[in-house]
Structures are given as structure tokens and as C-alpha cells.
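1. Build me a structure from this.
(one chain, ligands or ions: 1)
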Amino acid sequence: MIVYVNEKYLEENDAQVNVNDRGYLFADGVYEGFRIYNGKIFKLQEHKNRFQRSLDELKISYSLKDEIEEVFKNLFKKNNYLKEDELFYYMQITRGVAPRDHGFQKEKPKAGIYAFLSKKKINLDAYNNGVKICTTADNRWARCDIKCISLIANCLAKQTAVEDGFFDALFVHDGVITEGTSTNVCFIKDDILYTHAATNRILSGVTRNFVLDLCKENDIKVVEFPLTTNKISDVDEAFLTGTSGEITPIIKIDNITIGNGKSGKITKKLQKYYREYVNNNFY
Ligand code: PLP
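-> Residues are numbered from 1 along each chain as shown. Model (predicted):
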């Protein structure tokens, strides 16, 4: 696979970064993950806005122009992808190369950019039949709204969940369910959708926000209020939202079965509205 690294397109095995890049030393960088439908980027402007916000919050002096689109087009061509390929596009920007020091250098280094475009099929079993997930302590930093490449707490939570036989984990902070390790989470009770507000405790997901728009368009009431773990057994439906999985039904949380243990009716409706939007706008 051909990847993009600091203005060059290279075979991934030949792509290299400087060991003093602050992304390597401090996880000092931000990223975005995009979904590609029919050769086009889904919700480009929303991703771009969030990317720029993450850069600004980390005080990385970099103004996005049209590199997301340009690099995407080139990676698509150079890798000989086809429109019908299901693709995932990743781009990260780090503060750049500087002698190791916690403080930033007065003279700002050139930001480091890495991007790849790879085939990634949606997990149809999870999408159709739902997943079992566990809860875990949210021991991440208090700026989960920044899409920072420092993801070790998320990786550990996911890995532990998988080792314990779950699909993924939901983070719990002070008894409140915040989000998944790479997804947001929504709950349905009496036909109302509940999800954690877009505070510093969660990433404001592009998919989450799109699902909330779909709810508004289709008269599904939304309350941006989180669920506490002691209320899990009360909910009728639950699902994860994220770029790769779109809307993934949750059928069990820890040892509690959600609803009748199958994908719920509003979850299925939202999956249908999502698909319709993609079919109408991308094909
Ligand atoms: N929450 C976290 C922690 C994430 O890492 C992600 C995506 O990577 C999301 C939520 C979902 O965001 P999006 O819908 O923009 O993919």
C-alpha cells in the first residue's frame, strides 16, 4: 500500500519518520478517520472542522487548507482503488521534530503529516445482529473532546474487553456512561434517544451528530443527557455510533440483556435513514 508521509508518497514499508518527532515521543498530535462511500469522503466539512479544532486546542500551529482532499485523491489513484471499494481514510498531524523537552520550542517545527487509505469492510455481523459490550473505568484525561493520537487508555480498554469475550467497552466516569473506546453511545427509552452531551468527557462524533440530525428530521426526540450504570437495565435499546461501524446495535452490557436481546426498532430505523442518506448523496 502507498501511504503519504511528509509530502511524499511511499510504499508503507519505506515510509519513515524522525525519532524526534513529538508524535513519536509524546503522542503530541491529532488525527481524523474518514469513511469513503463510492470514492467520496463522508461529512468532509464536519471532519475538517473537528480536525482544525483539535489542532488549535493542542496549540499546533497548522491551518488546514485542502490537503485532506488532495492527499485522498492521490492515495486513491496511486493505490488503484475502485469506487466500489469500502475504504477508510486516516490522517494525523503531529507537532513535528524537536529536541525532547516537554515545553514547546520557540521556533515552531514543521508539522508532521501521515495519511493512509485502506480497504475496510463494515462488520456486517455486528451491524445486523448487535454486540455484547462491557463497562470499564474511564481513566482517560479530561480532554476527550480533542481527537488526540494518545489513545493508550482506549486501546487497553478495548483489548481487555476483547480478552474478556466482549466486542468493546463503554467508559464509565463517576457512574456515568460516557462513550465507547472508538465510538459514541446512544440509548433509547420510551422512544426517546439519550446520549452524553458533547462535553470534554466525549469526542463529539461526526456519526453521533449525524444520527442526532436524522432523529430531528424523523421526529425522534433527543435528550443529551447521559445514562448512569444503575439505569442500564431500564433501557429499551442501545447502540454505538462511529465512522467505521455507522450504527452498531448493543444487545448486552456486562450481564444485562438490552430489550429482547436483538437490534431494537429505532436502532433499525436509524440504520435505514443513514443508508438512505448515503444512497441519495453518494451514489
Ligand atoms: N469516541 C471516540 C473516543 C472515538 O475515537 C471516536 C472515533 O474515532 C468516536 C467517538 C466516534 O467519532 P466519529 O463518529 O466521528 O467516528
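2. What residues does the stretch 1-150 of the chain have near the ligand?
-> Gly33 (CB under 6 Å from any ligand atom). C-beta coordinates here come from the backbone N, C-alpha and C atoms, glycine included.
3. again, 8 Å this time
-> Gly33, Arg35, Glu46, His47, Arg50, Cys144, Lys147 (CB under 8 Å from any ligand atom).
4. out of these, which one sits closest to Leu193?
-> When those are ranked by distance to Leu193 (CB to CB), Glu46 comes first, at 19.3 Å.
5. Can you pull the phi/psi pair for the spatially closest residue to the closest one that is not a sequence neighbour?
-> Nearest residue to Glu46 in three dimensions, chain neighbours excluded: Val206, at 4.8 Å (CB to CB, 6 or more residues apart in numbering). For Val206, the backbone dihedrals (degrees, to the nearest 10) come out as phi -60, psi -40.
6. Correct me if wrong, but Thr248 is in a strand.
-> Yes. Under DSSP: H, G, I helix; E, B strand; the rest coil, Thr248 falls within a strand.
7. how many other residues sit next to it?
-> 28 (other CB atoms under 10 Å).
8. mind listing what it touches?
-> Contact partners of Thr248, counting by CB atoms under 8 Å, 6 or more residues apart in numbering, are Asn123, Ala126, Tyr127, Gly130, Val131, Thr183, Phe239, Leu240, Thr241, Gly242.
9. among the residues you listed, who's most crowded?
-> Phe239 (30 neighbours).
10. could you give the mean pLDDT of the helix or strand hosting that one?
-> Assigned by DSSP states H and E, Phe239 belongs to strand 237-242. Averaged across strand 237-242, pLDDT comes to 98.
11. Now flag whichever of the contacts of Thr248 is closest to Glu107.
-> Glu107 lies nearest to Gly242 out of these, by CB to CB, at 38.2 Å.
12. Tell me the predicted confidence for the closest residue in space to that closest one that isn't next to it in sequence.
-> Spatial nearest neighbour of Gly242, excluding adjacent residues (CB to CB, 6+ apart): Thr183 at 3.7 Å. The score at Thr183 is 98. That number is its pLDDT.
13. what's the spacing between Thr183 and Tyr4?
-> 26 Å (CB to CB, to the nearest Å).
14. Please, where are all the helices along this structure?
-> Counting by DSSP state H, one finds helices in the chain at the ranges 22-26, 44-57, 67-78, 124-129, 152-163, 206-217, 265-282.
15. do you know which of those helices lies nearest Phe187?
-> The nearest among the helices of the chain, by CB to CB, is helix 265-282 at 10.3 Å.
16. In the closest one, which residues are buried?
-> Going by neighbour count (16 or more other CB atoms under 10 Å), the buried part of helix 265-282 is Ile266, Thr267, Lys268, Leu270, Gln271, Tyr273, Tyr274, Tyr277, Val278.
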